Structure formats: C-alpha cells, structure tokens
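1. Got a predicted model here, sequence first, then my questions.
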Amino acid sequence: MMSLVTFTRNNALPLLRTSITVRIQLNSASLSSLVRLEEKQGYAVVAMHKPPVNSLSLEMIQALSESLSELEKNKCKGFILTSACPGIFSAGLDIREMYQPTEERLKEFWSSLQTLWLQLYGSKMASVALINGHAPAGGCLLAMCCDSRIMVNGKSKIGLNETKLGIVAPFWFKDTFVNTIGVRQSERALQLGSLFTPDEALKIGLVDRVLPDPEAATAVAESELKEFLQIPAMARYLSKMRIREAALKDLLENREKDLNTFVNFATTDAVQKGLGIYLQSLAKKN
Ligand SMILES: CC/C=C\C/C=C\CCC/C=C/CC(=O)SCCNC(=O)CCNC(=O)[C@H](O)C(C)(C)COP(=O)(O)OP(=O)(O)OC[C@H]1O[C@@H](n2cnc3c(N)ncnc32)[C@H](O)[C@@H]1OP(=O)(O)O
C-alpha cells in the first residue's frame, strides 16, 4: 500500500543556538498514513489526515503518538501540529469508539489517549498548533497541549463541548483547560460545553493569534515556533514544566483509576443512549 506520509528533505541549518544540526530522518515507511510528517528547516510539520474530520480513533491516536516518537528519536526540536483536511483541525475523539464498544478496545483506546496526552503535554519539543478548522473537545485538547495556538478566522469553533454530548471532560482535560484559560473561564465553559469563535477564543486566551487566512496563519505559526526555538531548550522546557508538571504527575499516578472511571462511565446506559442520539444527530445533518 502506498504511504501517504510526505517527507521532503533539505539541507537544514540549525535554528537553535543550543542545538547541533537538526536533521530529521523520519522512518516514513513505518508511519501510518493518518499523519503526514514534513521536515522543514530545523522543525517538522505534523499534519493530521483522516478525512472527513480527523476524528481521533484508536488508530489515529496511535499514529500521532508514533509520529511524535519518531520526531523525538530524531532529536527534532519543534513541530507545528495542524490538519491536512480543509476546514477541520480535529473533531475530537471518534465517538464511534465509545459507542457500543468492546471493553478490550475501549480500554486500549483510552490508554492510548492517555499516552498521547502525556507525550504531547510533557513534550521537550516546542510546538505550535496551527488550527485551520473546527477543534471541539479532543481537538481542542490537542491544540492546548502545544506551546502556542494560531487559529485561522472563519466559521470554525474551538472548546471543550463534552457536556453537550452528556459526557464529562476527564480531570486531565480540565487541568489542561485551566492551565490555558484559568479557573473561572474553565468552570463556566466546561459546564456550558462552550464552543468559541476564533475571536472569542482569542479574548479568553484559548488561542494566541487569529489570522484571516491559512497562508497568513502558517507564516505566523512558523515565526512563532522559531521564537520558541531561539530560547535555550532546557530553560524553556523546565519553565513549561513549572506549569504542567502537577497535571502530568496526577495522571501518571492515577492512570489505572482514570481508565476504570472512563470505562465505567462510558458504558453506562445513560451515556450510551446520549452518544447514540448525538451520532444520529450528526448523521441526520447530512
Ligand atoms: C466522571 C467522568 C469521568 C471520565 C470521563 C468519561 C468519559 C468521557 C470522555 C470524554 C471525552 C470526550 C472528548 C471528545 O472529543 S468527544 C467528541 C466531541 N466531538 C464533537 O462533538 C464534534 C462532532 N462533530 C461536529 O460537530 C462536526 O462534525 C464538525 C463541526 C467537527 C464538522 O462539521 P462538518 O459539517 O464539516 O462535518 P459533518 O458532516 O458533521 O461530519 C462528517 C462526518 O464525520 C462524522 N463525525 C463528525 N465528528 C465525529 C466524531 N467526533 N466522531 C466520529 N464521527 C464524527 C459525522 O458523523 C459525519 O459522518 P457521516 O454522516 O458522513 O457518516
């Protein structure tokens, strides 16, 4: 099967004062076609490609994890996380993974998501989310794990809308949200399941910049990442950890408990009924 992973190589010069030449030798053959990796000068672009909406299925989550591991293995210093599906960053968790699941797959799904979050939120690499479309729930979580968020203006929305589906954002989603926009805004938005327009998101600090079109947003994402990469890497990473380490530690110490809570909660009749109705409403739209 042809791999959709695109990989262009060039003679990269180091961007980091503290780094040696950043040369990413991606093992594209072993990577999934769900994520496109592209090498740029001293950083990488990680583009989700699971049409139509980049929903985070088990395979997609694992593909993202593998891509990050590949970058780490190659001593990549930074990356831009974006989407190769027009108008969509990510529709969040694939709801079909949670609806009428087998227990075995549901556990693997959640455990893989925990791993991805630990990897992304605790990453030594600098990262910028280039949010070029809708980013509800898990999509918003991915963006919040990055060090900076650049959003393209338009009709897309971003936020943690879990309550609208009758489900509850886990504590580590909440921690990430609170660390990004603060306690009061989080408390309100989590309860209401608010989805924000780019300008609203900018106002509450959920995104850092809003640009009128994808080209302008890409240019700003690149310059933003370069700014992060110019800071001595260890100092930058340890400063990030000052904010994030408590949340990371909390999940690391409570992984099993969180997994059981999720499985028990997701498989209740009420949640299954709610997810079924939500899936139908998405299908009816079309
Ligand atoms: C006590 C508590 C303890 C523990 C917690 C326990 C459990 C809770 C875990 C909670 C975590 C949840 C995080 C999540 O991410 S939940 C997912 C939330 N996502 C959404 O609500 C987004 C839904 N989708 C949309 O709103 C739109 O699709 C979107 C705006 C993204 C794009 O709109 P567009 O018009 O462009 O596309 P659509 O026609 O709507 O969709 C195209 C097809 O894609 C399917 N689809 C969309 N989203 C999803 C999804 N998230 N999962 C699976 N499938 C999805 C949609 O049905 C269409 O399919 P077809 O009709 O073409 O077959």
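-> Sure, I can see it.

2. so what pLDDT did Cys85 get?
-> With respect to pLDDT, Cys85 has a value of 97.

3. Could you verify that it is part of a strand?
-> No - under DSSP: H, G, I helix; E, B strand; the rest coil, Cys85 sits outside any strand and is assigned coil.

4. Run through the neighbouring helices and strands of the longest helix anywhere in the chain.
-> Ranked by residue count and defined by DSSP state H, the top helix of the chain is helix 233-253. If you count contacts as 3 or more CB pairs under 8 Å, 6 or more residues apart in numbering; DSSP states H and E, helix 233-253 packs onto helix 103-121, helix 171-181. Just so you know, the C-beta spots here come from the backbone N, C-alpha and C atoms, and that holds for glycine as well.

5. Who are the contact partners of Glu103?
-> By CB atoms under 8 Å, 6 or more residues apart in numbering, Glu103 lies in contact with Val263, Thr267.

6. near the ligand, which residues of the stretch 51-200 of the chain?
-> Counting by CB under 6 Å from any ligand atom, the residues of the stretch 51-200 of the chain close to the ligand are 52-53, 55, 88, 91-96, 134, 136-138, 161-162, 165, 167-170.

7. Among the residues you listed, name the ones in helices.
-> Among these, the members found in helices (DSSP H) are Ile95, Arg96, Gly138.

8. buried sites along stretch 210-226?
-> Buried residues in stretch 210-226, defined by neighbour count with 16 or more other CB atoms under 10 Å: Val210, Leu211, Pro214, Ala217, Thr218, Val220, Ala221, Glu222, Glu224, Leu225, Lys226.

9. Centre-most residue in this structure?
-> The centroid of the chain falls nearest to Leu142 when counting by CA atoms, centre = their mean (1.6 Å).

10. so what pLDDT did that one get?
-> pLDDT recorded at Leu142 is 99.

11. how about CSV for the helices and strands packed on helix 233-253, with mean pLDDT added?
-> CSV is the format used below for those (pLDDT from 0 to 100):
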stretch, mean pLDDT
helix 103-121, 98
helix 171-181, 98
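
12. could the ones you listed be laid out in TSV, adding distance to Lys77?
-> Putting those into TSV (distance: least, CB to CB, whole Å) gives the following:
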stretch	distance to Lys77
helix 103-121	15
helix 171-181	23
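
13. Strands of the stretch 1-150 of the chain, residue ranges please.
-> Applying DSSP state E, counting those that start in this stretch to the stretch 1-150 of the chain gives strands spanning 35-39, 44-48, 78-83, 87-88, 126-131, 133-136, 148-152.
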